[in-house]
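Student: Quick one, fold the following:
(one chain, ligands or ions: 1)
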Amino acid sequence: MLSLVTSIFGVLAAVPLVSAVPPSNVLMKDVVIVGGGAAGAYAAVRLRDDFGKRIALIEKQDILGGMVDSYVDPKTGIPYNYGVMSFLEAGNATGFFQRFGVAIGPTSSVSVTTNYIDFETGELVDFQLPPMADQMAAMANFLRIVEPWEHLTQPSYSNFPTPDAIPEDLLLTFGEFITKYGLEDAVPLMFQTTGLGLGNMTEETTLFVLQGFGASMARAFLGKQGQFAVASGRNQDLYDAIGKHLAGDVFYSSTVVDSQRTDFGVTLTVQNHKTNETTRIHARRLLLAIEPTAANMAPFDLDSDEQTILSKFTYTNEYTGLVNNAAFATNQSYFNLPATAAPSNYLALPNPSFTARIDYIGGDNLFRVTIIGNDTLDSAGAKRLVQEEFNTLLQAGRLTTTSDGEPLNWVAFSAHGPMHARVSVADVKDGFLQKLYALQGGRSTWWTGGAFSVNFQTILWEFDEILFPELLQGLN
Ligand SMILES: Cc1cc2nc3c(=O)[nH]c(=O)nc-3n(C[C@H](O)[C@H](O)[C@H](O)COP(=O)(O)OP(=O)(O)OC[C@H]3O[C@@H](n4cnc5c(N)ncnc54)[C@H](O)[C@@H]3O)c2cc1C
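Tutor: Okay, here's the model as predicted:
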């Protein structure tokens, strides 16, 4: 057994095998990837098919795709997306869909009337959007200001300046930044689309808000950058096609339960939580494509450097789901804002945890619910929060029936979990991003995903592309 390891790694006894594991469950790979979402699934395809590497992809769910959630109405067969809605045109994104024969088309949406309501009290908020021309003018100004900084943070932080050279605007709170440049009229569009993922974005640091709503989103609104969706209406089609293609190289319903990471390779013990079967995988490189939270990192035996750096991240917890209660009115959207937002205080936003919005999306009275939690809100807490707010909306007469206590009917629910990783201004000034990137390659481990890049699917694919040359160096 040892000689097999020696021939694979070229390094004697760097990664010992454990004899208790049956040989049929021992695999030798070039790269093992953990996390089969946007960053991990893309990397698996490229590394295996285009760079000819032997890979294994470990995914805790029984499908690939992570935050891409699609639901198919069993009565009509019509698909609805309730996670990722669209893909930004970036790099060779459209080519990636083509190689799997997944047709793309324009993004679609249902026309709705938006009701602004304070979900804590159930009271209507007399909130007035700026005229669309003013929103677009503010968006164009925003783009003009932030676009020159884009290369500092996207797709990678590798160009991020040393502490003495960080543009000071990036370290303002986003509220201060907006006020400084008079960009208030752009805030409703920012918050109501992707900005809400950060919680109350006005209180977060501009640098990290721009990772949730930055130049690419502004260009998309201004018609300067394309976006698209899967033509079938089911964005999950892409990741299902990837799963089919990668076939036996994917370990579904599996997580890493133990690991040894050295400069010469890694050994992971992977357990399938449905069958309890374990597999030992020896690989020359590890690519982690999961959020680097304490819970996710527990089996990876972090060294003190990794621990110190990664433990600085804070996150919001995002959940989405579909409900179909008759209490919600067709073609309506229920949007949560504090009373102080009326009539045009665009910087008044709710603080996490909150249900951001409940939107009609079609079908059998289907409504998409988006919940933004603080760093402790779990799935049960998220469902409880929406139920409480639903009761409040019912009692306040905001919904179509006045019956109290009607339980919410979840047709689908997805825990996207911790996302929008960020750190304090003090940490940024202390060179956090440089220290984060210095982790790349240590103990044969590379890092991708939202925390190391940005929270957009196709931009993460571009980030992966930057990693490949380094990760592949020395792998023949
Ligand atoms: C509601 C919502 C809507 C969004 N809409 C868009 C959009 O329209 N367009 C867009 O570009 N982006 C959108 N995003 C953001 C985008 O989806 C994310 O930025 C992207 O999915 C992050 O990719 P990732 O690979 O880092 O993580 P993920 O895609 O979440 O992938 C991580 C994967 O790892 C798995 N995993 C987690 N922990 C473990 C573990 N311990 N062991 C094994 N596997 C594990 C997960 O199951 C998951 O499959 C949206 C996000 C949310 C939450």
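
Student: other SSEs contacting the strand ranked longest in the chain?
Tutor: In the chain, taking DSSP state E as the definition, the longest strand is strand 410-422. When contacts are defined as 3 or more Cβ pairs under 8 Å, 6 or more residues apart in numbering; DSSP states H and E, strand 410-422 packs onto helix 206-212, strand 314-323, helix 379-395. In this view, the C-beta of every residue, glycine as well, is placed from N, C-alpha and C.

Student: again, 10 Å this time
Tutor: Under the contact criterion of 3 or more Cβ pairs under 10 Å, 6 or more residues apart in numbering; DSSP states H and E, strand 410-422 touches strand 70-72, helix 206-212, helix 294-297, strand 314-323, strand 366-373, helix 379-395.

Student: For residue 124, which of those is the nearest?
Tutor: Distance to residue 124, taken as Cβ to Cβ, is lowest for helix 379-395 among these, at 10.6 Å.

Student: buried sites along the closest one?
Tutor: 379, 381-383, 385-387, 389-394 (16 or more other Cβ atoms under 10 Å).

Student: what's the answer for stretch 304-320, then?
Tutor: Buried residues in stretch 304-320 (16+ other Cβ under 10 Å): 306, 309-310, 312-313, 315-320.

Student: ok so, going back, any chance of the helices and strands packed on strand 410-422 in CSV, plus distance to residue 270 and mean pLDDT?
Tutor: Output for those, formatted as CSV (distance: least, Cβ to Cβ, whole Å; pLDDT from 0 to 100):
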stretch, distance to residue 270, mean pLDDT
strand 70-72, 27, 97
helix 206-212, 31, 98
helix 294-297, 14, 97
strand 314-323, 25, 97
strand 366-373, 29, 98
helix 379-395, 24, 96
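
Student: Point me to the residue of the chain nearest the ligand.
Tutor: Nearest residue of the chain to the ligand: residue 37, at 1.7 Å (Cβ to the nearest ligand atom).

Student: Contact partners for that residue?
Tutor: Contacts for residue 37 were tallied using Cβ atoms under 10 Å, 6 or more residues apart in numbering; they are 59, 61, 64-68, 84, 239, 289-291, 416, 448-450, 457, 460.

Student: next one: residue 149
Tutor: Going by Cβ under 10 Å, 6+ apart, residue 149 touches 159-161, 166-167, 169-170, 206-207, 210, 214-215.

Student: Select from the residues you listed every entry located in helices.
Tutor: Under the assignment DSSP state H, those contribute 206-207, 210, 215 to helices.

Student: for those, which one is nearest residue 357?
Tutor: Of those, the one sitting nearest to residue 357 (Cβ to Cβ) turns out to be residue 210, at 21.9 Å.

Student: count of neighbours near the nearest residue to residue 130 once chain neighbours are set aside?
Tutor: Counting by Cβ to Cβ, 6 or more residues apart in numbering, residue 130 lies nearest to residue 185, which is 4.2 Å off, once chain neighbours are set aside. Number of residues near residue 185 (other Cβ atoms under 10 Å) recorded here: 23.

Student: what does residue 452 give?
Tutor: By other Cβ under 10 Å, 25 other residues sit near residue 452.

Student: hang on, isn't it packed against residue 289?
Tutor: Yes - between residue 452 and residue 289 a contact is recorded at 9.3 Å, counting by Cβ atoms under 10 Å.

Student: Quick check: neighbours shared by the two?
Tutor: Residues touching both residue 452 and residue 289 (Cβ under 10 Å, 6+ apart) are 39, 446, 460.

Student: This completes my enquiry, with thanks.
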